[in-house]
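Chemist: What would the 3D arrangement of this be:
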Amino acid sequence: MFVYSPHLSYWRSSNSTLLVPGYLRYWAHSPEFIGQLRAMAGSTDMAPYLSLSDQRRLLMTLPEPRHQQAIAALLGALDDKAAVNDQIVKISLDLADAFYEMFSQGLHFGPDNFGAVAAVYGGGTPSTAKSSYWDGGIAWTTPSDVTALSAPYLFKTDRTITESGLANCASQLYPAGSIFMTSRATIGAFAVPQIPAAVNQGFIVVVPPRTEMRWWLFHEMRSRIDDMLSLANGSTFLELSRKNFKAMPARVGSSDVIRQFDAKVAPLHQRAAKATQESTTLVELRNALLPKLMSGEIRVLDAERAVEDVT
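Modeler: Numbers count the residues shown, from 1 in each chain. Take a look at the predicted model:
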């Protein structure tokens, strides 16, 4: 039993031998449905709205039930695999956090601050008036790239810049494995790029002095967001300056503790990053196959071969 608001609609198949329930789910993401939705949503002078009477007028192309079942099963398998990967990511991150709590327990702030234990940088934006700076082969990261992530692993960015663009902005090309943290408006969203990438001015970038320090610094930074917010200022939006961040004291374990911690945690992050990338591929494949399957452009057998190629 459940209750839903008047602004939600609940659909279900009244005859599963004619309309397979799983097919209905994916049809609601198809171009056939979305095109009708957009055409009808502006029929009032209020906010976009689709009345129940409009919903009943929607037209649905129905393949044979066995084809509906095959389409729903294939797309559902992709979603199920992505859901399993999401659980792997969550468990891996939870374990990594638990290990950090265990290894950092009893540590106190010493004389070291973030500026002393790692290299700290920022970023910038090339002139948008110069097209020669944009759409090159260099990943250029904005806070929206990071806040959109489901897990803190960055594989690509919405925008790219050229070598000339990189040379004419305040960002370096940071190596994979750097720590990107948003530092204005939204403070404390994290990404560890899996590719070399530049950043805009909305970031603090921490480059660990050695590989085994990466995840220690990452977890220490994530545990200190409240401290960072207390140091942020700004009249339009809050911003944490690099100066204030670098001056923050950092808890740093001994070399032996950090090595032991990295041995436990690095494989967890590696597994989580792999699962995240695989889920992204699966979702992109599902989104590419769905409209083609629904329209009959490709057969289920051909789609199954495409799935086999990436799984």
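Chemist: where do the strands sit along the stretch 51-200 of the chain?
Modeler: Assigned by DSSP state E, counting those that start in this stretch, the stretch 51-200 of the chain shows strands spanning 119-121, 134-141, 153-154, 159-161, 179-184, 186-193, 197-199.
Chemist: how about the ones you listed, which one is nearest residue 127?
Modeler: strand 134-141 (9.3 Å; Cβ to Cβ). For every residue, glycine as well, the C-beta is placed using N, CA and C.
Chemist: Next, the angle from that closest one to strand 186-193.
Modeler: 110 degrees (axes from the mean of the first three to the mean of the last three Cα atoms, to 10 degrees).
Chemist: Which residue ranges make up the domains of this protein?
Modeler: Following automatic domain parsing, one gets these domains for the chain: 11-107+253-311, 109-251.
Chemist: Which of the ones you listed has the lowest mean pLDDT?
Modeler: Ranked by mean pLDDT, the domains of the chain bottom out at domain 11-107+253-311, with a mean of 93.
Chemist: what about residue 23, neighbour count?
Modeler: 27 (other Cβ atoms under 10 Å).
Chemist: and if you look at residue 240?
Modeler: So residue 240, with other Cβ under 10 Å, has 24 neighbours.
Chemist: Residue 208 now?
Modeler: Neighbours of residue 208 (other Cβ under 10 Å): 19.
Chemist: Return the residues in contact with it.
Modeler: 118, 177, 178, 179, 214, 217 (Cβ atoms under 8 Å, 6 or more residues apart in numbering).
Chemist: where do the helices sit along the protein?
Modeler: Taking DSSP state H to define them, one finds helices in the chain at 21-27, 31-41, 52-56, 65-104, 114-117, 143-147, 163-167, 214-222, 225-231, 242-247, 255-295, 300-310.
Chemist: what packs against the shortest one?
Modeler: Same thing as helix 114-117. helix 214-222, helix 242-247 (3 or more Cβ pairs under 8 Å, 6 or more residues apart in numbering; DSSP states H and E).
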